[in-house]
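Chemist: any chance you could fold what I've pasted below:
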Amino acid sequence: QLVESGGGMVESGGSLRLSCKASGFTFSRYDMTWVRQAPGKGPEWVSTINIGASGTHYTESVKGRFTISRDDAKNTLYLQMNSLKPEDTALYHCARGSSWISGGYHDPGRDYWGQGTQVTVSS
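Modeler: Here you go, the predicted structure:
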């Protein structure tokens, strides 16, 4: 089970820190991923962190603004989001695992998502 928290409404330029508490599986043995879905749009891969935090990966639009991290002792995944923009408005899901296809990371699929936490950025 994955339970996200930390979403909310902020002004453009603001910051939020999302958390995802995992249970029911051995968290430390999995890559973990953040995916977002804006209203009326398909899911968008945002970021993946590899096992042991050995690597972190971001979609181009969030590079330099978002930071993914994990605390394996707490079974928790994080996403620090700074310099938020209105186009970051979406429902953010954490996902167990990762999907590497054709040289890039992708959404692992909604079967692996939590219920999500809403992020709304006003201009």
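
Chemist: with adjacent residues omitted, what lies nearest to the residue positioned nearest the centre of the chain?
Modeler: Centroid-nearest residue in the chain: Trp34, 2.3 Å away (criterion: C-alpha atoms, centre = their mean). Spatial nearest neighbour of Trp34, excluding adjacent residues (C-beta to C-beta, 6 or more residues apart in numbering): Val46 at 4.3 Å. C-beta: built from backbone N, CA, C; applies to glycine.

Chemist: adjacent strands (with direction) for the strand or helix carrying the one you found?
Modeler: Using DSSP states H and E, Val46 maps to strand 44-49. Strand pairing for strand 44-49, determined by DSSP bridges: strand 32-37 (antiparallel), strand 56-58 (antiparallel).

Chemist: now the strands: where do they sit in this protein?
Modeler: For the chain, the strands defined by DSSP state E cover 2-5, 8-11, 16-22, 32-37, 44-49, 56-58, 66-71, 76-81, 90-96, 99-101, 104-106, 117-122.

Chemist: okay if I get those strands as JSON lines plus mean pLDDT?
Modeler: Listed next are those as JSON lines, based on pLDDT from 0 to 100:
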{"stretch": "strand 2-5", "mean pLDDT": "98"}
{"stretch": "strand 8-11", "mean pLDDT": "98"}
{"stretch": "strand 16-22", "mean pLDDT": "98"}
{"stretch": "strand 32-37", "mean pLDDT": "98"}
{"stretch": "strand 44-49", "mean pLDDT": "98"}
{"stretch": "strand 56-58", "mean pLDDT": "97"}
{"stretch": "strand 66-71", "mean pLDDT": "98"}
{"stretch": "strand 76-81", "mean pLDDT": "98"}
{"stretch": "strand 90-96", "mean pLDDT": "98"}
{"stretch": "strand 99-101", "mean pLDDT": "91"}
{"stretch": "strand 104-106", "mean pLDDT": "93"}
{"stretch": "strand 117-122", "mean pLDDT": "98"}
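
Chemist: can you count the residues close to His106?
Modeler: Counted with other C-beta atoms under 10 Å, residues neighbouring His106 total 16.
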